[in-house]
Structure formats: C-alpha cells, structure tokens
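**Q** Here's a sequence, model it:
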Amino acid sequence: MRDKTQPNSAVPGDRLIRAGVVVFFLGAVATLVTVAPLFLGAKPFPTYMFGLSMLMAVGFLIAGAGVLRSIAAGRRQARDASR
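**A** Next comes the predicted model:
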C-alpha cells in the first residue's frame, strides 16, 4: 500500500492541521506580547489581549481535529482496499 502513495498527496485533514498550526502560532505571539510588559515593568495590556492568548488552545484543537480526520480517512481507505 505504501508504494502506491504519492509523496505530495493531500489527506483530508491536512488543511485543518495547517490552519491549526497558524492559529496556534498567532496565539503564541499574542502570549509573548501579553506577558512581555509584566517582565519589563511596563503597563500591562488590556484584558482582551489575554483572551487572544487563548488562540493557542483553539489552534491546538483545530490541529487535533485535522489529525483525527486524517486518521479516519486512512482507516476508510484501508478498509476499502481490503475489500
């Protein structure tokens, strides 16, 4: 089965995983920007900036959904190939 797989073939969950990674890194940057004034002794950012830090968790969930979707597609493909 592996010898028939194309190296650049798109699996159904790939876009979700990529979107999740982008959202996660946006949340990571927001977290760094939010926490930096606390270490530098500057005035803290407004509360909504702490909400933007939650993008890390949202990105993680989106990427996890993509992984689960690609696993389901792989199982479906294996089940169809065994018939």
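**Q** alpha carbons only for contacts and neighbour counts from here, please
**A** Fine.
**Q** helices and strands around the helix or strand hosting Ile17, which ones?
**A** Element membership of Ile17 [criterion: DSSP states H and E] is helix 14-40. Counting contacts by 3 or more Cα pairs under 8 Å, 6 or more residues apart in numbering; DSSP states H and E, helix 14-40 packs against helix 47-52, helix 55-82.
**Q** need those helices in TSV with distance to Pro12, mean pLDDT and mean neighbour count, can you?
**A** Shown next, in TSV, are those (distance: least, Cα to Cα, whole Å; pLDDT from 0 to 100; neighbours: other Cα atoms under 10 Å):
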stretch	distance to Pro12	mean pLDDT	mean neighbour count
helix 47-52	28	85	13
helix 55-82	6	92	16
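**Q** Which of those helices sits closest to Arg18?
**A** With Cα to Cα as the criterion, Arg18 lies closest to helix 55-82 of the helices and strands packed on helix 14-40, at 7.1 Å.
**Q** how distant is the closest one from the center of its chain?
**A** Relative to the centre of its chain, helix 55-82 is centred 12 Å away, using Cα atoms, centre = their mean, to the nearest Å.
**Q** about what we covered before: can I get the helices and strands packed on helix 14-40 in CSV with distance to Arg18?
**A** CSV is the format used below for the helices and strands packed on helix 14-40 (distance: least, Cα to Cα, whole Å):
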stretch, distance to Arg18
helix 47-52, 19
helix 55-82, 7
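**Q** Figure out which of the ones you listed is closest to Ala30.
**A** Closest to Ala30 of these, according to Cα to Cα: helix 47-52, at 6.1 Å.
**Q** Show the contacting residues for the residue nearest the centre of the chain.
**A** For the chain, the residue nearest the mean C-alpha position is Gly20 (2.3 Å; Cα atoms, centre = their mean). Each residue near Gly20 by Cα atoms under 8 Å, 6 or more residues apart in numbering is listed here: Val58, Gly59, Phe60, Leu61, Ile62, Ala63, Gly64.
**Q** Identify the residues contacting the second one.
**A** In this case it means Gly59. Counting by Cα under 8 Å, 6+ apart, Gly59 touches Ala19, Gly20, Val21, Val22, Val23, Phe24, Phe25, Gly27.
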